[in-house]
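Participant: Just a sequence and a predicted model for now, questions to come.
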Number of protein chains: 2
Amino acid sequence: MGAAPDKIQKICDRVLRRIEPTQKERVRTIRLANKLVSLLEGELRRRGIQAQVRIEGSVAKDTWLAGENDVDIFALLPKGAPREMFFKVIESAKKIGGRWQVEYAEHPYLRTEIGKYIVEVVPCYKVDSAGEMLSAVDRTPFHTKYVLEHITEREKREVRLLKRFMMGTNCYGAELKIQGFSGYLCELLVLKYRTFRGVVEAASRWSVGEVIDLEGAYSSPDEARELFEGHPLIVIDPIDRNRNVAAAVSKQNFAIFVRACQDFLASPGEKFFFPNKIKHLTDEEIKSIFRRRGTSIFCITFKPPDVVADVLYPQLRKTERSLVAQLSRAGFEVQRSDVWSNGRSVILLELAVAKLPKVKIHVGPPITSGTGEFIKKHLGSKKSFSGPYIDEDGRLVFEIEREKSEAIDVLEEALSKKESFGKHVAKAISEGFKIYQGGQIVRLCRDEDFREFISEYLSHRLSWYR
Amino acid sequence: MGAAPDKIQKICDRVLRRIEPTQKERVRTIRLANKLVSLLEGELRRRGIQAQVRIEGSVAKDTWLAGENDVDIFALLPKGAPREMFFKVIESAKKIGGRWQVEYAEHPYLRTEIGKYIVEVVPCYKVDSAGEMLSAVDRTPFHTKYVLEHITEREKREVRLLKRFMMGTNCYGAELKIQGFSGYLCELLVLKYRTFRGVVEAASRWSVGEVIDLEGAYSSPDEARELFEGHPLIVIDPIDRNRNVAAAVSKQNFAIFVRACQDFLASPGEKFFFPNKIKHLTDEEIKSIFRRRGTSIFCITFKPPDVVADVLYPQLRKTERSLVAQLSRAGFEVQRSDVWSNGRSVILLELAVAKLPKVKIHVGPPITSGTGEFIKKHLGSKKSFSGPYIDEDGRLVFEIEREKSEAIDVLEEALSKKESFGKHVAKAISEGFKIYQGGQIVRLCRDEDFREFISEYLSHRLSWYR
């Protein structure tokens, strides 16, 4: 960890020059945001809807990165407002123009593209305190308020550096596709450690179960750990002690960030902020790597169900886990697996071996219990190769016929039963799927985004080592 | 366990008729034993060797089975006698005739075949108490004395039943090839539980760590368990509280005996004493079963080293364990394995899969420790497929090339290094070995004894279910 502070400083300065919005961009963004607020206010007034319209998110907090172009506008409804009001707000929001689309998370909201900007209009309730919140979005105005009350101008630059570092190392984003660090979490980390470098130095020493409690809401880290058991990182929300701001952070992304911090301190570089691009492999390269690995790779493809990414990805992951579990139970070793979705959805499964022997060891009850029907059942069976015998550990054993000795048969049965699959994914699969195997998979690479996915899968490497 | 006592009684009566020596056999055996004692006494006297000659073993205790034809003769030397005296006793014993051979266990002894009889002449020291014993054989006269002082005529019949039951269920014999129950152990069990049926009923309820302490040498079973930790069955030697008479009994044979007792009580039959023979499979049947199992079977064969079975078998087992461990470490799943020795020695290894993919997962240090040379070592290596990346559990991972992806290569390397092999076996292997694979193995069946071994291996079944 011997990098001179100077070197890190120089890198940060160079990075800042690329990520801080220019005065021109700042003016343009804020002008647009204000204009949209006015438009929406006018529209709501015209319809007689009582709602307070505010800019939220990184534009409000002045922590957005150059070129990010995300504008979040919240419409705060009075506490007692009926649910139809949400839809009326969305109807009004359509009038601000752009290529709009209504999305559904916990609540409906409107997403619209205006020029290079992506604008989200989110209706929520205006509550007096965190205790009164009715949904997660009601919390956002409190977050904005907390950050603006505590952050200094200098710290905003540190937040920008941290966000870019998270992006560059692939752990930025609390959405369920990513399971990483949110923008608000980056802001809190800077409020805690004051500088980007401070965050990185602290995080390089983190271990699983790390607790950060800015407002001292708990008397000890262990108290917080008990409440958020199993979370690798616990950052108590300063405006709601019952919430872990880092709840979305997976073990994997936690470890990626910690390792990135360790590696950055040992050998700092701009590549942590701006990694090299993934090299797209050609069809021939992909086929050749498949051959060289010697594994059996299956891609199950189907038409993605019509749901947002935050619904789709957890379901794809759930389906992936179910398939891996069923293959393992049938005796197959799944070496690695992944999911991808764009024009179609893909679940990739890589098996060490796709064909197992017909015979398998089947262990019976221990000697201290009776054999019940165990011996009777298998002794006369045509599917028994041998047994009963007693193995070296004293366990009663039959060698019986494995029901499915080909992985493809296990897969096909699992895909017809769809046990523990994500709900919408199960439905999509029941409408049709294809299984591509080995070299056939390159056919999916007509989609360059899939080619990038498979290229990344095969050369799988932390971004700063690319 | 609902068999009527009558039924068991009838079976026992029928079995006894087959296993109790006839009056004719009794007279013939005892006459021979006495004649040999006289011959040896005369020879020792002629050479001026001071030794007391005695009949020991099951002939002395009158617990031998019809047709067993084993005669044990001990020559007890005075405590102070020099070691050369052992060899002088053996020289004298050669004069009793037959096809003799000198064997070496803890001490040398003479083994000779006279007609249908196998006679062993064992020199030992005559000591006053168990505490003075210099070697295991010195204990034998004390065992004989203890049994003869306690056993009734009726109990001798019960011992014969128990021994035959142990033979029939394949757990009789304390020698290292078998790792089962000795004759003396059978006698003690009958002294404890009075009848064959009593032993069987008690044993059907045994669990691992069972303690039998006839003379109450320990204040509690736990005290004995602590001393003989890991032994599945602990039977305190009445003449030496520091010895477990059942020390040789493996977990496997313990469980076989317990299961046999349970099954016998549930459904008694003569087959527990006299099981059906193993059916010898034809070459074609063996090849067909190999195909049907779908596994990869390897037989490593070599000329057996010139040592007794009690030395050879532990070494074959040790070599087998070492090969299994090395294959497992290399990623191969050994489904089952076994050893055999007759005209040649064979180590059989049955693998689920004999070829693994080239790529394997290689896990690095946890995030709480530095990466040291781990990343540097693999990042530049041509043997890395991908990595470093971080898996779902937060572990640092490289995918690297498996050194040996064919089981045969792992085997050949292990056979050239011979790590953790039995000493004499290692030497024998270094003088030459062959590996037979799959269908080639039938070539070894020109030896009918091997055919029986492989037939038993493939249909592997507790003897009373044959």
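Facilitator: Looks like it arrived, so ask away. Residues are numbered from 1 along each chain as shown, chains lettered A, B, ... in the order given.

Participant: Endpoint to endpoint, stretch A:159-175 covers what distance?
Facilitator: Counting by CA to CA, to the nearest Å, you get 19 Å between the two ends of stretch A:159-175.

Participant: Show me the longest helix that occurs in chain A.
Facilitator: As assigned by DSSP state H, the longest helix anywhere in chain A is helix A:23-46.

Participant: Give me the mean pLDDT for it.
Facilitator: The average pLDDT for helix A:23-46 rounds to 96.

Participant: contacting residues around it?
Facilitator: For helix A:23-46, contacts defined as CB atoms under 8 Å, 6 or more residues apart in numbering or on different chains pick out A:21, A:50-51, A:53-55, A:59, A:64, A:66-67, A:69, A:71, A:73, A:75, A:89, A:92-93, A:95-96, A:114, A:117, A:119, A:121. C-betas here are computed from N, CA, C, even on glycine.

Participant: Tell me which residues of it come out buried.
Facilitator: By neighbour count on 16 or more other CB atoms under 10 Å in any protein chain shown, the buried set for helix A:23-46 is A:28-30, A:32-33, A:36-37, A:39-41, A:43-44.

Participant: quick one on the thing from earlier: so among the contacts of helix A:23-46, which ones count as buried?
Facilitator: Using 16+ other CB under 10 Å as the threshold, A:21, A:51, A:53-55, A:59, A:64, A:66, A:69, A:71, A:73, A:75, A:89, A:92-93, A:96, A:114, A:117, A:119, A:121 are the buried ones among the contacts of helix A:23-46.

Participant: So for the residue nearest to the spatial centre of chain A, what's the pLDDT?
Facilitator: By CA atoms, centre = their mean, chain A has its centre lying nearest to residue A:178, at 2.1 Å. Listed pLDDT for residue A:178 reads 91.

Participant: Likewise for residue A:2?
Facilitator: 55.

Participant: any idea how far residue A:64 is from residue A:190?
Facilitator: 14 Å (CB to CB, to the nearest Å).

Participant: coming back round to it: wait, is the residue nearest to the centre of chain A part of a strand?
Facilitator: No: under DSSP: H, G, I helix; E, B strand; the rest coil, residue A:178 sits outside any strand and is assigned coil.

Participant: from memory it sits against residue A:172, does it?
Facilitator: Yes: Residue A:178 lies in contact with residue A:172 (CB atoms under 8 Å); the separation is 7.2 Å.

Participant: Excluding covalently adjacent residues, which one is nearest to residue A:258?
Facilitator: When the adjacent residues along the chain are set aside, residue A:258 lies closest to residue B:367, with 4.8 Å between them (CB to CB, 6 or more residues apart in numbering or on different chains).

Participant: check contacts around the one you found.
Facilitator: Residue B:367 neighbours (CB under 8 Å, 6+ apart): A:206-208, A:255, A:258-259, A:262, B:394, B:396.

Participant: Can you list which of those residues are found in helices?
Facilitator: A:255, A:258-259, A:262.

Participant: tell me the phi and psi of residue A:217?
Facilitator: phi -70, psi -20 (degrees, to the nearest 10).

Participant: can you tell me which helix or strand the residue nearest to residue A:258 belongs to?
Facilitator: Under the criterion DSSP states H and E, no helix or strand holds residue B:367.

Participant: where does the residue lying farthest from the centre of chain A land on pLDDT?
Facilitator: The centre of chain A is farthest from one residue, residue A:380, which by CA atoms, centre = their mean lies 51.5 Å away. In this model, residue A:380 is scored at 85, pLDDT.

Participant: The one 4 residues further on too?
Facilitator: pLDDT for residue A:384: 94.

Participant: Kindly report the same for residue A:157.
Facilitator: pLDDT, read off for residue A:157, is 97.

Participant: Next, count neighbours for the closest residue to it other than its chain neighbours.
Facilitator: Nearest in space to residue A:157, with sequence neighbours left out and distances taken as CB to CB, 6+ apart, is residue A:16 at 6.0 Å. Residue A:16 is flanked by 17 other residues according to other CB atoms under 10 Å in any protein chain shown.

Participant: quick one: residue A:16 and residue A:162 touch, right?
Facilitator: No: here residue A:16 does not reach residue A:162: they are 11.6 Å apart, not a contact under CB under 8 Å.

Participant: For the one helix or strand residue A:122 maps to, name the packing helices and strands.
Facilitator: Using DSSP H and E, residue A:122 maps to strand A:117-125. Applying 3 or more CB pairs under 8 Å, 6 or more residues apart in numbering or on different chains; DSSP states H and E, one finds that strand A:117-125 contacts helix A:23-46, strand A:70-77, helix A:84-93, strand A:108-114, helix A:140-150.

Participant: and if we set it to 6 Å?
Facilitator: strand A:70-77, helix A:84-93, strand A:108-114 (3 or more CB pairs under 6 Å, 6 or more residues apart in numbering or on different chains; DSSP states H and E).

Participant: average model confidence for stretch A:272-283?
Facilitator: 96.

Participant: Around chain B, pick out the residues from the stretch 51-200 of chain A.
Facilitator: By CB under 6 Å from any CB of the partner chain, no part of the stretch 51-200 of chain A sits against chain B.

Participant: show me where pLDDT drops low in the stretch 51-200 of chain A?
Facilitator: Scanning the stretch 51-200 of chain A for pLDDT under 70 picks out no residues.

Participant: do that again at 90, thanks
Facilitator: A:79-80, A:83-84, A:97, A:103-108, A:128-137, A:175-177 (pLDDT under 90).

Participant: Check the stretch 201-350 of chain A too.
Facilitator: A:308-310.

Participant: Fine, thanks again, bye for now.
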